[in-house]
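S.K.: using only what follows, build the 3D model:
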Amino acid sequence: MADLRRRGQAGNMLARKSARGDAMAYDENTAARVRKLLAGQRDVAEKKMMGGLCFMVNNTMCCTVSGRGGMLIRVGPDAHARMLQEPHTSPMEMRGRIMTGFVRVAPDGYQSDADLKKWVKRGLDFVAANAAGRKAAPRKAVAAKTKVAARAKAPPRGRARKGLRR
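M.R.: Sure thing, here's the model as predicted:
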């Protein structure tokens, strides 16, 4: 019983700490501006990931307010090179690898509401294109069914081999 009380108290302390307004890993003002822009969208979720606050639309990453400053915008591999030509952009690098399909935008690139709206729209464009591609073929379900069917047709491993040796 004492264990449960300790856990509960620790949880409350953590909740109070974050409710007090301690420093967050990302720019809360930018996050509020992005929330406002995504208010009309359906199925929007926020998740802490990739070192910041990620905005998911239809279970697909749209953009992230980064903990390192700036934003990450998911533009897809087709638009990646074109987006890097825009001012205040750089490639997203994770563990020494450039992540194709993601663009890092410096805070100067979205100071105005119009600029932020432009970048969020680019993330939403990727989400829309990705959703259209998802409807085409549910690959995982088909692959799982074929594996089950193949296993059902194959004879049991141990008995078949022993029977042939005799």
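S.K.: what values do phi and psi take at the spatially closest residue to Gly109 that is not a sequence neighbour?
M.R.: Sequence neighbours aside, His88 is the residue nearest to Gly109 in space, at 3.1 Å (criterion: Cβ to Cβ, 6 or more residues apart in numbering). Quick note: C-beta positions are derived from backbone N, CA and C, even for glycine. Backbone torsions of His88, given as degrees, to the nearest 10, read phi 70, psi 20.
S.K.: His88: neighbour count?
M.R.: 15 (other Cβ atoms under 10 Å).
S.K.: how about the contacts made by it?
M.R.: Val105, Ala106, Asp108, Gly109 (Cβ atoms under 8 Å, 6 or more residues apart in numbering).
S.K.: same check, this time on Arg122
M.R.: Ile73, Val75, Ala79, Met83.
S.K.: thinking again about what came up before, what separation is there between the residue nearest to Gly109 and Ala132?
M.R.: 29 Å (Cβ to Cβ, to the nearest Å).
S.K.: for Ala25, same thing?
M.R.: Taken as Cβ to Cβ, the span from Ala25 to Ala132 is 33 Å.
S.K.: again with Leu37
M.R.: In terms of Cβ to Cβ, Leu37 sits 22 Å off from Ala132.
S.K.: and the two? Which one has more around it.
M.R.: Leu37 (17 against 9).
S.K.: hmm, Lys117 and the more buried one touching each other?
M.R.: Yes. At 5.9 Å, Leu37 and Lys117 qualify as touching, with contact defined as Cβ atoms under 8 Å.
S.K.: can you give me the helices in the chain?
M.R.: 2-19, 28-37, 80-83, 113-134, 139-153, 157-165 (DSSP state H).
S.K.: coming back round to it: let me have the contacts of Arg122 in TSV, adding distance to Arg122 as columns.
M.R.: Putting the contacts of Arg122 into TSV (distance: Cβ to Cβ, whole Å) gives the following:
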residue	distance to Arg122
Ile73	6
Val75	6
Ala79	7
Met83	7
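S.K.: cool, thanks, signing off.
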